[in-house]
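S.K.: How does the following fold in three dimensions:
(chains A and B)
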Amino acid sequence: MPYLNTGGFVTSFALVASAAQTVQIVARGPDGSERCSFMQPMSTGQHVAILAATELPCMVGGEGFLDFIGQDVGLSAVGFTAADEGLGAFTTFTPWGILASP
Amino acid sequence: MHRPLFLSLLIAAPLVMNAQVPPGVQVQPTANMRPIPADEAASKRIILPGDTMIPQIANGQLEGGQIFFTIFEVMSLVGVPATVEIRFWDPDGNVMPLPLAGGGDPVKGISSVGLQGTFDPRGGGVQITIATGAPVQIGYATVQSTPPNSVAVIAIFNNRGARRAALSGIHPAGHPSS
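M.R.: Numbering: from 1, shown residues only, chains lettered A, B, ... in the order given. This is a model prediction of the structure:
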């Protein structure tokens, strides 16, 4: 998922876990290099909505993309990039979901 | 600096639901929201194969007066009657009742915990508008349909203060498959 935290834009995302797991979220720069990451424990059916830069300080003032690495037990997500009121822009990334292998 | 929109979505609200059924669309009154079987309840495995996920919904009023609400648009894609069930969940995976104006609309299958209805073949669909007025509520929604994958669903976030909206989900993009 691309992110943009410059020019008044801020990226956030929401996750829903189909089953308990720990999700690794990796922030990468425009060149694909890993900048920082964090682990998000999730219980079955749990939803979290996260302002990305609060958990991934390397994203402040930058741009790139995020990797979401689950544990093949089911995970759905949607991303948002919002601008300050003066700009009024709002972009939603296509939601996606992966259920566990049978 | 104003609070960015996403912050509102991370917090989210109260509501009112209104349904507008286009001409020719049949929404049958049914008992709302099937009970979760005991084995599912025990594990809280509430996301099932065939569900379409709306990973974020936000409804309510924030400090400062910003109001967010989510609109669901559901449309039948198949040539046979399609039943659809939308369920609202809180961040812990528990049922999240949303306060409705007038207590919902049982004729259209709409209650505080979601929608359960039947659409005519290739019916135009139904719109559920969850307005707000009270504290913010956030969570997510699951959509199940019979036959499987027989409906298209989008959810749209609206921010009345900023006059902007965002598309939040499109079937089958948010559809977990086994």
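S.K.: hey, let's count contacts and neighbours off CA atoms from now on
M.R.: Noted.
S.K.: What sits closest to the spatially most central residue of chain A if chain neighbours are left out?
M.R.: The geometric centre of chain A, computed from its C-alpha atoms, lies nearest to residue A:13 (CA atoms, centre = their mean), at 4.5 Å. Using CA to CA, 6 or more residues apart in numbering or on different chains and skipping the chain neighbours, the partner closest in space to residue A:13 is residue A:79 (4.1 Å).
S.K.: What of residue A:26?
M.R.: residue A:37 (4.2 Å).
S.K.: what pairs with the residue nearest to the centre of chain A across the strands?
M.R.: Beta bridges link residue A:13 to residue A:50, residue A:79, judged by DSSP bridges.
S.K.: Which pLDDT value goes with it?
M.R.: Listed pLDDT for residue A:13 reads 89.
S.K.: got it, and residue A:42?
M.R.: 93.
S.K.: Enumerate the beta-bridge partners assigned to it.
M.R.: Taking DSSP bridges as the rule, residue A:42 bridges to residue A:21.
S.K.: isn't the residue nearest to residue A:26 right next to residue A:29, touching?
M.R.: No: Residue A:37 is beyond contact range of residue A:29, at 11.9 Å (criterion: CA atoms under 8 Å).
S.K.: Might you list the low-confidence residue ranges for chain A?
M.R.: Along chain A, the parts satisfying pLDDT under 70 run over A:84-102.
S.K.: 80 instead, please
M.R.: Across chain A, the ranges flagged by pLDDT under 80 are A:72-73, A:82-102.
S.K.: coming back round to it: touching, the residue nearest to the centre of chain A and residue A:82? I think so.
M.R.: No: Residue A:13 lies out of contact with residue A:82 (CA under 8 Å); the separation is 10.9 Å.
S.K.: returning to that earlier point: now the one helix or strand the residue nearest to residue A:26 maps to: buried residues?
M.R.: Using DSSP states H and E, residue A:37 maps to strand A:34-42. Using 16 or more other CA atoms under 10 Å in any protein chain shown as the test for burial, strand A:34-42 gives A:34, A:36, A:37, A:42.
S.K.: closest to residue A:65 among those residues?
M.R.: Each of the buried residues of strand A:34-42 was scored against residue A:65 by CA to CA, and residue A:34 proved nearest at 9.6 Å.
S.K.: OK, contacts around that closest one?
M.R.: A:26, A:27, A:28 (CA atoms under 8 Å, 6 or more residues apart in numbering or on different chains).
S.K.: who touches the residue nearest to the centre of chain A in this structure?
M.R.: Neighbour list for residue A:13: A:49, A:50, A:51, A:52, A:77, A:78, A:79, A:80 [criterion: CA under 8 Å, 6+ apart].
S.K.: hmm, 7 Å instead?
M.R.: When contacts are counted by CA atoms under 7 Å, 6 or more residues apart in numbering or on different chains, residue A:13 touches A:49, A:50, A:51, A:52, A:78, A:79, A:80.
S.K.: What about the first one, how many residues nearby?
M.R.: For residue A:49, the number of neighbouring residues by other CA atoms under 10 Å in any protein chain shown comes to 23.
S.K.: for the fourth one, same thing?
M.R.: Residues contacting residue A:52 under the criterion other CA under 10 Å number 23.
S.K.: Not counting residues beside it along the chain, what's closest to it?
M.R.: Here the residue nearest residue A:52, using CA to CA, 6+ apart, is residue A:12, at 5.0 Å.
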